[in-house]
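A.B. asks: my questions are about this predicted structure, shown below with the sequence.
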Amino acid sequence: MDIVFIIIGFLLIIGGIIGSFIPILPGPITSWFGLLFLYLTDVVPMSYTVLGITLIIALAIFMLDYFIPAMGAKRFGGSRYGVIGTTVGLLIGIFFFPPFGIIIGPFLGALIGELLYGTKSDIAVKAAFGSLLGLLTSVFIKFIVASCFAILFVWKFFEYGSDLF
């Protein structure tokens, strides 16, 4: 059963890293569940401290993920429409124009959102840039956290993996 838990945990870790770039999948939380499955094995001793700290980090990043793009848009004069446009543009960009869609999609989405709201074009471009900057900051933070969780997973696996086989 331990092997199944490790495989599920590893898949969740990979899903968490991928989820750092896709807004539908919460990256750090998914990676945290990967750590949880690793600690549920009989081989790796349970560490409530590690699980608790990593859970708090994952939840904090999950909440910040909703505010960082909005803060970027607001800082550069954007509206709620720019933030919504950023998210819609990201989804369209990722699925229809990979790999460059992750950059172009949010910018165009925010720009279109601002223009639909009635914002002047020069302010709309500035707000779109701010929203894109916020989104990229958020993606970077999620990727770093999910990668740290992956490193922790691999470290613990190699530390106790010899007991599995």
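C.D. replies: Noted; the coordinates are in hand. As the structure is a computational prediction, the values presented were derived from the model and not from experiment. Residues are numbered from 1 along each chain as shown.

A.B. asks: residue 137 reaches residue 73, doesn't it?
C.D. replies: No - here residue 137 lies out of contact with residue 73, judged by CB atoms under 8 Å, at a distance of 11.8 Å. Every residue, glycine included, has its C-beta placed from N, CA and C.

A.B. asks: neighbour count winner among those two?
C.D. replies: With neighbours defined as other CB atoms under 10 Å, residue 137 and residue 73 compare such that residue 73 has more, 31 against 15.

A.B. asks: gap between that one and residue 47?
C.D. replies: Using CB to CB, to the nearest Å, residue 73 is found at 39 Å from residue 47.

A.B. asks: do residue 139 as well
C.D. replies: Taking CB to CB, one finds residue 139 at 29 Å from residue 47.

A.B. asks: out of everything not next to it in sequence, what's closest to residue 112?
C.D. replies: Nearest residue to residue 112, sequence neighbours excluded (CB to CB, 6 or more residues apart in numbering): residue 85, at 5.4 Å.

A.B. asks: next, count neighbours for the one you found.
C.D. replies: Neighbour tally, residue 85, other CB under 10 Å: 30.

A.B. asks: residues contacting it?
C.D. replies: For residue 85, the contact set (CB atoms under 8 Å, 6 or more residues apart in numbering) comprises 109-114, 116, 128, 131.

A.B. asks: just the buried members of these?
C.D. replies: Neighbour-count burial within these applies to 109-114, 128, 131; the criterion is 16 or more other CB atoms under 10 Å.

A.B. asks: am I right that residue 81 is in contact with residue 116?
C.D. replies: Yes - under the criterion of CB under 8 Å, residue 81 makes contact with residue 116 at 6.1 Å.

A.B. asks: by mean pLDDT, which helix or strand of the protein comes out lowest?
C.D. replies: helix 80-96 (a mean of 84; mean pLDDT, DSSP states H and E).

A.B. asks: for that one, buried residues please.
C.D. replies: Result for helix 80-96 [16+ other CB under 10 Å]: buried residues 81-94.

A.B. asks: packing partners for whichever helix or strand comes after that helix?
C.D. replies: Later in the chain than helix 80-96, the nearest helix or strand by DSSP states H and E is helix 101-117. Judged by 3 or more CB pairs under 8 Å, 6 or more residues apart in numbering; DSSP states H and E, helix 101-117 is in contact with helix 80-96, helix 121-160.

A.B. asks: so where's the chain uncertain?
C.D. replies: 165 (pLDDT under 70).
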